[in-house]
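Q: starting from these lines, generate the structure:
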Amino acid sequence: MRPILTLFIFITLGSLMAQKSELNLASDIWPPFADTDGEKAFALELVEEALKRGEVGIGTSIVSFKEVLDGINAGQYDGSATLWKTKDRESYLLYSEPYLENRLVLVSRAGNDVSADSLNDLKNKRVSVVSDYAYGTSIYTIPGVSILPGKSDQQNLELLLEGKTDYMLVDELLIKYLLEYQHQEVKKYLSVGTKAIIVQPLYFAILKSTTNAEAIISEFNENIRQMMADGTYNDILELNWIQYDVDGDGVLELVMGGGQAGKEAPANYYALMSASGLSTNTDRYYINGTVYDGWNTVPAKFKNDLIKAANSAPSESGGLKLKF
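A: Predicted coordinates:
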């Protein structure tokens, strides 16, 4: 009877997995991670693709952050694609592995010092932040630092260029995107910090009571790992190079998206996660399934001029282009 029982178990599991139809998720407006239709929403796109690979559909409502949490607690929503982890939320939510990080870096006018390790180093300075970002209340209580809430990164940029603020906090992903598509403007007008002032891992999470919750999260994690290696992350983030330990050997690789690596070793790349405990050697390249040790070992057929930025520049509508 054991073979029959085993077959029954597999059939039952397969039937349960087939029932993973659609999750009702909610997120707040949080560019460039979550936004309304027609705007860049990198996190929502990544989560949607990872779930789609597991044959799980999603519907996402864009509401205020309070409505996100209240709706999840009330059972109105199954979870969210864009959450931070807290002890309270862990009591009723099942979290994925982190699939992105929110890393805020300092940005100032060109020529200004952006080497501060924390906001505490900016006494007597004015720092603009996007008011609706959920980065906690502690940044508003730092002695001697004036925090200026703004409606958007664009508004904060205008305040910065007009000299009405000394710094703005910007997510590193947005900066990497701008360096790819608006390189000349960024270099001309801005100084960009290299050290993250605030770092928070980003998770997909669903109610523990959701049918097949553990299976959904497990498959999501595996699909995310595959997406990091197969170029999907590059495509969705619209970046030619990302950094990730793609082969699991403890050494980070630069993973190429698209068909061209450029004529010179990449200077602009986006690290998907913090490199704690990993070798940060950036002279390893993962291209079309092969790891190359050193830029000189990358085949010449890949070393052509990059054409992505020229042909795929963000539009005025739906893009992340900032006006300088």
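Q: check whether residue 36 really touches residue 62, as I assumed.
A: Yes - taking CB atoms under 8 Å as the definition, residue 36 is a contact partner of residue 62 at 5.4 Å. For the C-beta atoms, the positions are set from N, CA and C on the backbone; glycine is no exception.
Q: overlap of the contact sets of these two?
A: Both residue 36 and residue 62 are contacted by residue 29, under the criterion CB atoms under 8 Å, 6 or more residues apart in numbering.
Q: tell me which of the two has more neighbours.
A: Remark: of residue 36 and residue 62, residue 62 carries more neighbours, 18 against 9, as counted by other CB atoms under 10 Å.
Q: quick check, the more buried one in contact with residue 31.
A: No - if you go by CB under 8 Å, residue 62 and residue 31 don't touch, sitting 11.4 Å apart.
Q: shaky segments in the stretch 51-200 of the chain?
A: Along the stretch 51-200 of the chain, segments meeting pLDDT under 70 span 132-137.
Q: kindly recompute the last result at 80.
A: 131-140, 180 (pLDDT under 80).
Q: do a quick rundown of the helices in it.
A: Listed in chain order, the helices of the stretch 51-200 of the chain (DSSP state H, counting those that start in this stretch) span 65-73, 87-90, 153-161, 172-181, 183-189.
Q: off-centre distance for stretch 290-306?
A: 26 Å (CA atoms, centre = their mean, to the nearest Å).
Q: same thing with stretch 224-235?
A: Distance of stretch 224-235 from its chain centroid, counting by CA atoms, centre = their mean, is 12 Å.
Q: kindly report the same for stretch 26-37.
A: 12 Å.
Q: what residues of it count as buried?
A: Within stretch 26-37, the residues that count as buried by 16 or more other CB atoms under 10 Å are 26-35.
Q: spatially central residue in this protein, please.
A: Nearest residue to the geometric centre of the chain (CA atoms, centre = their mean): residue 100, 4.1 Å.
Q: list the beta-bridge partners for it.
A: residue 202 (DSSP bridges).
Q: and it, what does it touch?
A: 33, 42-43, 46, 173, 201-202, 272-273.
Q: need those residues in a markdown table (columns: distance to residue 219).
A: Below are the contacts of residue 100 laid out as a markdown table (distance: CB to CB, whole Å):
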| residue | distance to residue 219 |
| --- | --- |
| 33 | 22 |
| 42 | 21 |
| 43 | 18 |
| 46 | 15 |
| 173 | 25 |
| 201 | 20 |
| 202 | 19 |
| 272 | 19 |
| 273 | 20 |
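Q: that'll do, ta.
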